[in-house]
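Undergrad: below are the sequence and a predicted model; questions follow.
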Amino acid sequence: MYLRYCIDYNWMEYSDRFRAMDDNILFTTARPTRADAVKNRELLLDTARRLFDEQGVEAVSMSALAEAAGVGKGTLYRHFTSKSDLCEALLDADQRALQELTLQRLRSSGDALDTLRWFLLEVAGFAERNSPLLCTNSRNDPQPMLQLPAHRWWRQTIRGLLQQLALTSDIDYTADVLYVMLDANIMSFQHRALGYSYARIREGLLATLERLVA
């Protein structure tokens, strides 16, 4: 399952500008690898990202990936057992970067509404650039995408920031509305079926936030 770690923090306990949140990030631990193995893994991930962007996830075979990266199939399969495994690795790397960036923002910013606007745009950007991977993964995984730990921390962060605003409305439902609109399948439907530009989707997301917290 994509992203086997997630942020898990208590917003009430860490309401003082989200102190000590680093202690609550749960990362998988991997055994040290040789420098050439690390280099090959990064090469394969970079090549896969490029090919997926150019041709689409479904069109790229593992054999074509190995050839484009200039490595043998044995090397490829030592790192990734399947295309699904490879897609999960790409998502993990991007999600990890998003989590670390979010923690930095939470520690440095005292304006909850401004931080919430920033976070929604960052997550929307993640869903946009990873839409082919996320939508492919959702077809292969029976668990709904929004129930994955990798995504549920989005809702947790949204809810925590809404709490900081001291709203009188139903915070949980408000968080759900914003969270659901970040689903990659919904954004893909808006973009492909309805013809919305991603700029329009982002603008609509922020406009919805303003109405919900007014």
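TA: Yep, that arrived.

Undergrad: pull up the gap between residue 80 and residue 89, please.
TA: Counting by CB to CB, to the nearest Å, the separation of residue 80 from residue 89 is 6 Å. Any C-beta I mention is one placed from the backbone N, CA and C, and that applies to glycine too.

Undergrad: which helix or strand in this structure has the lowest average pLDDT?
TA: helix 131-140 (a mean of 70; mean pLDDT, DSSP states H and E).

Undergrad: C-terminal to that helix, what's the next element?
TA: helix 149-164 (DSSP states H and E).

Undergrad: what about that following helix, distance to the chain center?
TA: Centre-to-centre, helix 149-164 and its host chain are 13 Å apart (CA atoms, centre = their mean, to the nearest Å).

Undergrad: and after it, which helix or strand comes next?
TA: Next element after helix 149-164 (DSSP H and E): helix 171-180.

Undergrad: quick one: list the elements packing against that next one.
TA: Counting contacts by 3 or more CB pairs under 8 Å, 6 or more residues apart in numbering; DSSP states H and E, helix 171-180 packs against helix 149-164, helix 198-213.

Undergrad: most tightly packed of these?
TA: Stretch with highest mean neighbour count among the helices and strands packed on helix 171-180: helix 149-164 (a mean of 21; mean count of other CB atoms under 10 Å).

Undergrad: top helix in the protein by residue count?
TA: The longest helix of the chain (DSSP state H) is helix 83-108.

Undergrad: what comes up buried for the next helix or strand after that one?
TA: From helix 83-108 onward toward the C-terminus, using DSSP H and E, the following helix or strand is helix 112-129. For helix 112-129, a neighbour-count test (16 or more other CB atoms under 10 Å) marks 112, 115-120, 123-124, 126-128 as buried.

Undergrad: tell me the one of these nearest residue 50?
TA: residue 128 (17.4 Å; CB to CB).

Undergrad: in JSON lines: the helices and strands packed on helix 171-180, plus distance to residue 96.
TA: Converted to JSON lines, the helices and strands packed on helix 171-180 look like this (distance: least, CB to CB, whole Å):
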{"stretch": "helix 149-164", "distance to residue 96": "10"}
{"stretch": "helix 198-213", "distance to residue 96": "23"}
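
Undergrad: of all the ones you listed, which one comes closest to residue 185?
TA: helix 149-164 (11.5 Å).

Undergrad: elements contacting the closest one?
TA: helix 83-108, helix 112-129, helix 171-180.

Undergrad: closest one to residue 203 among these?
TA: So among the helices and strands packed on helix 149-164, helix 112-129 is nearest, using CB to CB, at 10.0 Å.

Undergrad: which outside residues touch that closest one?
TA: Residues outside helix 112-129 that contact it (CB atoms under 8 Å, 6 or more residues apart in numbering) are 94-95, 98, 101-102, 105-106, 109, 134, 154, 157-158, 161-162, 164-165, 178, 182-184, 187, 198, 201-202, 205-206, 209, 213.
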